[in-house]
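[1] Have a look at this prediction, sequence included:
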Amino acid sequence: MHGDGRTFSQLNELECVGEDVYANVWQTNEILRIDPGSGTVTGRIDASGLLTPQQRQDADVLNGIAAIPGTDEFLVTGKLWPTMFRVKFVTGQLGQDHA
(Lines give C-alpha, C1' and ligand atoms only; values in the text may rest on other atoms or scores of the structure.)
Protein backbone atom coordinates (compact mmCIF):
# COMPACT_ATOMS: atom_id res chain seq x y z
CA MET A 1 0.00 0.00 0.00
CA HIS A 2 1.23 3.47 -0.69
CA GLY A 3 0.33 7.04 0.20
CA ASP A 4 1.88 10.30 1.35
CA GLY A 5 5.14 9.28 -0.34
CA ARG A 6 5.38 6.17 1.86
CA THR A 7 4.95 2.47 1.27
CA PHE A 8 3.12 0.58 4.00
CA SER A 9 3.72 -3.07 4.76
CA GLN A 10 2.85 -5.49 7.55
CA LEU A 11 -0.87 -4.82 7.32
CA ASN A 12 -3.04 -6.77 9.71
CA GLU A 13 -6.76 -7.23 10.38
CA LEU A 14 -8.38 -6.17 7.12
CA GLU A 15 -12.00 -4.96 7.13
CA CYS A 16 -13.91 -4.26 3.90
CA VAL A 17 -16.51 -1.50 4.12
CA GLY A 18 -18.27 -0.28 0.99
CA GLU A 19 -15.60 0.86 -1.47
CA ASP A 20 -12.80 0.91 1.15
CA VAL A 21 -10.54 -1.49 3.00
CA TYR A 22 -9.39 -0.67 6.54
CA ALA A 23 -6.23 -2.27 7.92
CA ASN A 24 -4.08 -1.69 10.93
CA VAL A 25 -0.31 -1.45 10.54
CA TRP A 26 1.09 -4.25 12.68
CA GLN A 27 2.79 -3.19 15.92
CA THR A 28 1.37 0.36 15.66
CA ASN A 29 -1.78 2.24 16.65
CA GLU A 30 -2.36 3.31 13.06
CA ILE A 31 -5.29 2.20 10.89
CA LEU A 32 -5.21 2.84 7.15
CA ARG A 33 -8.15 3.42 4.81
CA ILE A 34 -7.19 1.95 1.43
CA ASP A 35 -8.63 2.13 -2.07
CA PRO A 36 -8.60 -1.57 -3.04
CA GLY A 37 -8.45 -0.83 -6.78
CA SER A 38 -5.27 1.22 -6.68
CA GLY A 39 -3.73 0.26 -3.33
CA THR A 40 -3.57 3.96 -2.45
CA VAL A 41 -3.89 4.94 1.21
CA THR A 42 -6.78 7.43 1.33
CA GLY A 43 -6.80 7.98 5.09
CA ARG A 44 -4.70 7.36 8.17
CA ILE A 45 -6.35 6.93 11.56
CA ASP A 46 -4.44 7.47 14.79
CA ALA A 47 -5.94 5.21 17.47
CA SER A 48 -3.24 5.90 20.06
CA GLY A 49 -5.59 7.94 22.27
CA LEU A 50 -8.07 5.15 22.91
CA LEU A 51 -6.32 3.62 25.93
CA THR A 52 -5.37 5.57 29.02
CA PRO A 53 -1.69 5.47 30.04
CA GLN A 54 -2.63 3.05 32.84
CA GLN A 55 -4.50 0.72 30.43
CA ARG A 56 -1.58 0.83 27.98
CA GLN A 57 0.82 -0.64 30.58
CA ASP A 58 -0.65 -4.15 30.34
CA ALA A 59 -1.99 -3.96 26.78
CA ASP A 60 -0.37 -5.27 23.64
CA VAL A 61 -0.90 -4.25 20.01
CA LEU A 62 -4.02 -2.92 18.31
CA ASN A 63 -5.34 -5.68 16.07
CA GLY A 64 -9.12 -5.69 15.91
CA ILE A 65 -11.26 -3.63 13.51
CA ALA A 66 -14.89 -4.47 12.75
CA ALA A 67 -17.46 -2.33 10.97
CA ILE A 68 -20.86 -2.14 12.64
CA PRO A 69 -23.39 -2.84 9.86
CA GLY A 70 -25.86 -0.06 9.11
CA THR A 71 -23.72 2.61 10.81
CA ASP A 72 -20.56 4.62 10.18
CA GLU A 73 -19.04 3.18 13.35
CA PHE A 74 -16.40 0.56 14.06
CA LEU A 75 -15.39 -1.67 16.96
CA VAL A 76 -11.67 -1.39 17.70
CA THR A 77 -9.65 -3.46 20.16
CA GLY A 78 -6.27 -5.12 20.61
CA LYS A 79 -4.43 -8.00 22.22
CA LEU A 80 -4.76 -7.84 26.00
CA TRP A 81 -6.78 -4.61 25.76
CA PRO A 82 -9.14 -4.29 28.74
CA THR A 83 -12.01 -3.10 26.56
CA MET A 84 -13.41 -2.73 23.08
CA PHE A 85 -14.14 0.75 21.71
CA ARG A 86 -17.06 1.83 19.53
CA VAL A 87 -15.70 4.67 17.38
CA LYS A 88 -16.31 6.88 14.36
CA PHE A 89 -13.36 7.90 12.24
CA VAL A 90 -13.35 11.68 11.82
CA THR A 91 -11.01 13.97 9.91
CA GLY A 92 -8.73 16.12 12.04
CA GLN A 93 -7.16 19.50 11.34
CA LEU A 94 -4.28 18.13 9.28
CA GLY A 95 -6.39 15.68 7.30
CA GLN A 96 -5.41 12.70 9.44
CA ASP A 97 -8.34 10.75 10.78
CA HIS A 98 -8.77 9.93 14.45
CA ALA A 99 -10.73 7.26 16.29
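    That came through, no problem.
[2] if I look at the residue with the largest distance to the centre of the chain, how far off is residue 48?
    Distance from the centre of the chain peaks at residue 54, with 21.2 Å (CA atoms, centre = their mean). Separation of residue 54 from residue 48 (CB to CB, to the nearest Å) stands at 15 Å. (C-beta placed from N, C-alpha, C; glycine too.)
[3] Backbone torsions only: list them for residue 58.
    phi -100, psi 0 (degrees, to the nearest 10).
[4] Confirm for me that it is in contact with residue 80.
    Yes - taking contacts as CB atoms under 8 Å, residue 58 lies within contact range of residue 80: 6.2 Å.
[5] Which stretches in the chain count as strands?
    Along the chain, the stretches classed as strands by DSSP state E are 2-3, 6-7, 11-17, 20-25, 30-34, 41-46, 62-67, 73-78, 85-88, 90-91, 97-98.
[6] Would you list the strands that the second one pairs with, along with their directions?
    According to DSSP bridges, strand 6-7 has the following sheet partners: strand 2-3 (antiparallel).
[7] Tally up the residues packed near residue 49, please.
    If you count neighbours by other CB atoms under 10 Å, residue 49 ends up with 9.
[8] Please read the previous query as pertaining to residue 22.
    Residue 22, neighbours per other CB under 10 Å, totals 22.
[9] what residues are up against it?
    14, 15, 16, 31, 32, 33, 34, 45, 65, 67, 74 (CB atoms under 8 Å, 6 or more residues apart in numbering).
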